[in-house]
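In: Build me a model from this:
(2 chains)
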Amino acid sequence: MGLLIGIGLALLVIVLVLTHIIVFIWCELKIFAHIMDRYGPIETGKFHGVLQPFADVLKLMNKEDTVPGASDRLIFKVAPFVVFVPAFMAIGAIPLSATLVVINLDIGAFYIIALSAFTFVGMIMAGWSSFNKYSLLGAFRAAGQLLSYELPFGLTIAGVAMMASSLNLITIVNKQVVPNAFIQPIGFLVFVIAAEAELSRSPFDIPHAESEIIAGYHIEYSGMRWALFYLAEYVSLIILCSMTALLFLGGFKGPILPPPVWFLLKVYVLFFILAWIRITFPRVRPDQLMDLGWKVLLPASLLNIVLTASIIILLPDIWPVALAVTEFTIVIATLIYLGRTRR
Amino acid sequence: MSEYLSAYLNVAMFAVVAFCFVAILLGVSAVVRPKKENPVKLEPYECGMVPFGGAWSQFNVRFYVFALLFLIFDVEIAFLYPWATVFRELGITSLIEMLVFIFILLLGLVYAWKKGVLKWV
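Out: Numbers count the residues shown, from 1 in each chain, chains lettered A, B, ... in the order given. Reported below is the predicted structural model:
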């Protein structure tokens, strides 16, 4: 019985996730187009190209799927599974409200980052097995990026876990009287930047920089296999937007409207901001990426942890206020310093 | 069955459903799509040039030292997570211990930085 319920819930989640991905793809096409001062898809489906994502899926279904002759065929065919399956497993642990959650684990936050790191294994498998120099370069770049940004990413989540004394996502949300972003602004900023890099979206799209290494690790993929990489990317996007909302923006909490509506609202606002960043900023160079990760974000996330721990222990009664004041002072001082030195 | 185990059962079900979903997508596509292979199509894609040399040659793996550093800090994170959930009950002793731990690792990062390891050349 438990098995059947589990399968049913998983099917429900897959349908929900695919619906949101279709909405995301259409929104992204339109947002990009309008920011670039053009229309984007307008014909398909009569109303502002709403059927464009469906047309894309049908086209990909019908596309010939070649496996390069010299490739390692087994690994080449397994890679899309390794990319997609863990990403989808992670999404089940995201709560839509205090009760609406499929996989409610005590270590929810840890479970999600552990599984989303798996995606990179799939990318390296894809890049290596393709027998293409550019895809191998893309895989190396992806690995380097994971190594650099997994650290600040994990450390900021530890910072949030310290405030809530738990890794359960529902507990973390319930303990937020004020959204954590206002108590830990350093953690929030580091988390958003690291999340953007984990997604390898522009300005951090070095693993598949089109103008440098064609398309990175998935050059040789076409048709449905390629579509799975694309799908997994959007699943990760949903996961990271949800994680930001849950850990730092109060998740499903909010006045008047029901909790799932608040949660989706926050996810969509974050998605819009990420799309905006993606289309506005130029790509960074690999050395700039490494510098940002190791010399800025990692020390900043360690500072965040040390500050949080010390203030919670030393000032147990007024720690939220004290922590917020300290961190905001540091952020504002840094901004003023940068503003004065870099003209 | 306990609630604890049933959560992990759901994890397994998610894995099965996701696997089947991928398999069905690829299966449907395999039935629908055309298959007209020729030797040129199976060559590695290098923007239309005739590819030269193999791909599995020696690469300068620049992130090797980064990987070593990553390993150290990742183990630190693995220690931080359980500590982060209980450090309030443990009190000031555990705070000082963890600060010493973080300080030593930070020292390692500063050392690597000064040695020029973090330079991406």
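
In: Which pLDDT value belongs to residue A:342?
Out: Looking at residue A:342, its pLDDT stands at 68.

In: Now the helix or strand hosting residue A:128: buried residues?
Out: Residue A:128 is part of helix A:108-129 when elements are defined by DSSP states H and E. Neighbour-count burial for helix A:108-129 flags A:108-113, A:115-120, A:122-129 (criterion: 16 or more other Cβ atoms under 10 Å in any protein chain shown). Where you see a C-beta, it was placed from the backbone N, CA and C, and this is true even at glycine.

In: Give me the subset of those that also touch chain B.
Out: A:110, A:128 (Cβ under 8 Å from any Cβ of the partner chain).

In: Grab the nearest non-local neighbour of the residue sitting nearest the centre point of chain A.
Out: Chain A has residue A:240 as the residue nearest its centroid, 3.2 Å off, counting by Cα atoms, centre = their mean. Nearest residue to residue A:240, sequence neighbours excluded (Cβ to Cβ, 6 or more residues apart in numbering or on different chains): residue A:195, at 4.3 Å.

In: Let's see the pLDDT reported for the one you found.
Out: For residue A:195, the predicted pLDDT is 87.

In: residues contacting it?
Out: A:153, A:240, A:243, A:244 (Cβ atoms under 8 Å, 6 or more residues apart in numbering or on different chains).

In: change it to 10 Å
Out: By Cβ atoms under 10 Å, 6 or more residues apart in numbering or on different chains, the contact list for residue A:195 reads A:116, A:149, A:152-153, A:156, A:201, A:204, A:236-237, A:239-241, A:243-244, A:270, A:274.

In: can you give me the helices in chain B?
Out: Here chain B has its helices, by DSSP state H, at B:3-32, B:64-90, B:92-114.

In: what bits of chain B have low per-residue confidence?
Out: Scanning chain B with the threshold set as pLDDT under 70 gives B:1-3, B:53-63, B:120-121.

In: Would you mind giving the helices of chain B as a markdown table with mean neighbour count added?
Out: Converted to a markdown table, the helices of chain B look like this (neighbours: other Cβ atoms under 10 Å in any protein chain shown):
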| stretch | mean neighbour count |
| --- | --- |
| helix B:3-32 | 16 |
| helix B:64-90 | 16 |
| helix B:92-114 | 14 |
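
In: Including distance to chain A, could those helices go into TSV?
Out: Formatted as TSV, those follow (distance: least, Cβ to the nearest Cβ, whole Å):
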stretch	distance to chain A
helix B:3-32	3
helix B:64-90	4
helix B:92-114	5
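
In: Dump the ones you listed into CSV; add distance to residue A:77 as well.
Out: Output for the helices of chain B, formatted as CSV (distance: least, Cβ to Cβ, whole Å):
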stretch, distance to residue A:77
helix B:3-32, 9
helix B:64-90, 27
helix B:92-114, 39
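
In: Between these, which one is closest to residue A:190.
Out: helix B:64-90 (13.8 Å; Cβ to Cβ).

In: on that earlier part again, next secondary structure after the helix or strand hosting the residue nearest to the centre of chain A?
Out: If you go by DSSP H and E, residue A:240 is part of helix A:223-248. Using DSSP H and E, the helix or strand that follows helix A:223-248 in sequence is helix A:259-280.

In: which helices and strands sit right next to that following helix?
Out: Counting contacts by 3 or more Cβ pairs under 10 Å, 6 or more residues apart in numbering or on different chains; DSSP states H and E, helix A:259-280 is packed against helix A:2-35, helix A:185-198, helix A:223-248.

In: Swap in 8 Å and give it another go.
Out: helix A:2-35, helix A:223-248 (3 or more Cβ pairs under 8 Å, 6 or more residues apart in numbering or on different chains; DSSP states H and E).
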